[in-house]
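In: Any chance you could fold what I've pasted below:
(2 chains)
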There are 2 protein chains.
Amino acid sequence: MKPAISGHVPKDTVGELGELALIERLCPRFPAGGDILVGAGDDCAVVRPDPGSSEDWVLKSDPVISGRHFFPGADPFQIGHKAVGRVLSDLAAMGAVPRWALLNLVLSKDIPIATIDAVYDGMLTLANRYGLAFVGGDTSQGSELALHVFACGSVPRGTARLRSGAAVGDGVYVTGLLGGSLSGRHLTFEPRIREGCWLRDRVNAMIDISDGLASELWHLAKASAVEIEVTTDRIPVSAEALLAGQPLTAALYDGEDFELLFTVPGEKEEEFLPAWTERFPALPCTRIGLVRAASREGGVWMRDRERVELLSRGGFEHFRR
Amino acid sequence: MKPAISGHVPKDTVGELGELALIERLCPRFPAGGDILVGAGDDCAVVRPDPGSSEDWVLKSDPVISGRHFFPGADPFQIGHKAVGRVLSDLAAMGAVPRWALLNLVLSKDIPIATIDAVYDGMLTLANRYGLAFVGGDTSQGSELALHVFACGSVPRGTARLRSGAAVGDGVYVTGLLGGSLSGRHLTFEPRIREGCWLRDRVNAMIDISDGLASELWHLAKASAVEIEVTTDRIPVSAEALLAGQPLTAALYDGEDFELLFTVPGEKEEEFLPAWTERFPALPCTRIGLVRAASREGGVWMRDRERVELLSRGGFEHFRR
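Out: A predicted model of the protein is given here:
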């Protein structure tokens, strides 16, 4: 067995190691610094094309794979929608304006042309809505349908919102209603591009909710070196999560909500929600907690009427299931 | 059955239609114009970030999938090398300087960590050699190992070389020796980045040889609306192709040579090859033919000692095998 780079003896297979440990092992091998403002580890990478450029570039790729991100038999229009929606949601979390995209399409020979047409309908309908222009890619044969979408967006120089920007005293907010997305919303969600661009100048930190609220709160707290205290009964729960039985658990751990989680500086909070409601009257925005200084314990805390306790991280992780 | 967009009745499945017809069907659905200088259809897309930018951006994605682009059991270092090499070869064909890349990695649970480490070694060794910086991506689970690499490169404004630039009177050249790459070179080839950048100001049209020389000659002739006449015994044949029996067929149709095919303006030809040899003494560069006006028949012609005949297009096509 080859020795691990870190000096530890590695677990043998990807399945034994798990996705997060794999990513933690691989990410440090990618370069940093220079024209790379943000490398692997945030929702998107941020690069500066040249030292004088007025815009920074925001880069992201996301896959949608049969059996992983949708069930065989899913509506092909919605598969295409999700493939574009996933990457747009990541751009939204940086406050970026979508620009160009490429598609690597993997197909088996027996897929009906009508299915591919419908996948394209779903992709292009959503891409056109937000000004994301597909300019190329590749088509190749494989055993399962997969769409790998690569997107470039832009932000005014220095304004990309990161998960590392949360400051003590910030309020913590989420858009929309959480939980139960697997009953359908994970294929039909609306990426929060308009909201993300509007929020860019109003928030300290931002992230999209793909792996579940609890997991994203932990990412935010860790990247910003702060603690977050969330008030249980403020978490906005979706109708699907309510119907499914354990709504709070669903809202915390289901994932694929593709809503935005962000922190607003304390001194801007008073004007924030009224301005939001005026700009986005149809989309709920909820203050669920606050950012406080990191104690020795760190992390994310849940407050209900009886107690405050550490929130279990949970969240979806590939290879572990 | 859903009616085809073109008005023709479509063949039912991807396998019946074939890759080229599928691409011809899907590409026109992507947008064109505006800040998109070159959309789907060339080796890479070319975009202009803003009307005043001094550089254009060159975007490309390529997959490397188990069982399609390498055999199970291939050296993982070489798998990583090929994943980066494919996309660099496309950047080279535009004359672009590599900048940033993302990786979508698809893995099954039972892959040894040591294999992934070696794949990364191969990827990053080649990427570092040409200044391509990996800045992020995604890791997810699938049934077969696949690497989808997305790359951004740059060229000075307006200087990207296209397959559509060939002019009547140009000489037609290739780098390297062709054919037989499947015996090993398809996993170890050197992308022609330095050569592509040097050629950028010296050629009218350029393309990389991924699907086989014959196929790429046809792409060049069609995109440039010209005819190309190739002299059979000038085609530079690799040692592997010679060993394998039918060297000319191998050089024309094997594919995955990842060499450059380009056209040099007639008035620059006299000085071209001496300058090449001084700059790249270790890499052969061969004049194989010339560009002439399109007759009614169009296409690519082969001249040998006895006759001139239309060259069969051939070349690799996904789904058809």
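In: near chain B, anything from stretch A:113-127?
Out: Yes - using C-beta under 8 Å from any C-beta of the partner chain, we find that stretch A:113-127 touches chain B at A:113, A:114, A:116, A:117, A:118, A:120, A:124. Bear in mind the C-beta positions are built from the backbone N, C-alpha and C, glycine included.
In: Now intersect these with the helices, please.
Out: In helices, judged by DSSP state H, the following of these are found: A:113, A:114, A:116, A:117, A:118, A:120, A:124.
In: What residues does residue A:166 make contact with?
Out: By C-beta atoms under 8 Å, 6 or more residues apart in numbering or on different chains, the contact set of residue A:166 is A:172, A:204, A:205, A:220, A:221, A:223, A:224, A:226, A:228, A:263, A:291.
In: returning to what we had before: from the ones in helices among the residues of stretch A:113-127 next to chain B, keep the buried residues only.
Out: For those, a neighbour count by 16 or more other C-beta atoms under 10 Å in any protein chain shown gives the buried set as A:113, A:114, A:116, A:117, A:118, A:120, A:124.
In: Now render those residues as a markdown table, adding pLDDT.
Out: What follows is those, written out as a markdown table (pLDDT from 0 to 100):
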| residue | pLDDT |
| --- | --- |
| A:113 | 93 |
| A:114 | 94 |
| A:116 | 95 |
| A:117 | 95 |
| A:118 | 97 |
| A:120 | 96 |
| A:124 | 97 |
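In: just checking, which of the contacts of residue A:166 belong to helices?
Out: Using DSSP H, these in helices are A:220, A:221, A:223, A:224.
In: Just the buried residues out of these, in PyMOL syntax.
Out: Command for PyMOL that selects the buried part of the ones in helices among the contacts of residue A:166, burial taken from 16+ other C-beta under 10 Å:
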select buried, chain A and resi 220+221+223+224
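In: Farthest pair within the ones in helices among the contacts of residue A:166?
Out: Longest distance between any two of the ones in helices among the contacts of residue A:166 is 7.6 Å, between A:221 and A:223; criterion C-beta to C-beta.
In: just the helices in chain A please.
Out: Using DSSP H, helices in chain A cover A:14-17, A:19-26, A:76-94, A:113-129, A:185-188, A:193-199, A:213-224, A:239-243, A:247-253, A:269-279.
In: Tell me which other helices or strands the third one touches.
Out: Looking back up the chat, that one is helix A:76-94. Using 3 or more C-beta pairs under 8 Å, 6 or more residues apart in numbering or on different chains; DSSP states H and E, the elements in contact with helix A:76-94 are strand A:55-65, strand A:97-107, helix A:113-129, strand A:146-156, helix A:185-188, helix A:193-199, strand A:205-208.
In: Could you give the separation of the fifth one from the chain centroid?
Out: Taking C-alpha atoms, centre = their mean, to the nearest Å, the mean C-alpha location of helix A:185-188 is offset from the chain mean by 14 Å.
In: Buried residues, that helix. List them.
Out: In helix A:185-188, counting by 16+ other C-beta under 10 Å, buried: A:185, A:186, A:187.
In: Could you measure from the residue nearest to the last one when sequence neighbours are not counted over to chain B?
Out: Setting aside the residues directly before and after it, residue A:187 is nearest to residue A:78 in space (C-beta to C-beta, 6 or more residues apart in numbering or on different chains), at 3.8 Å. Here the distance between residue A:78 and chain B works out to 17 Å (C-beta to the nearest C-beta, to the nearest Å).
In: Which pLDDT value goes with residue A:78?
Out: pLDDT recorded at residue A:78 is 98.
In: What is the neighbour count of it?
Out: Look at residue A:78: counted by other C-beta atoms under 10 Å in any protein chain shown, it has 18 neighbours.
In: what's the answer for the one 3 residues further on, then?
Out: For residue A:81, the count of nearby residues is 25 (other C-beta under 10 Å).
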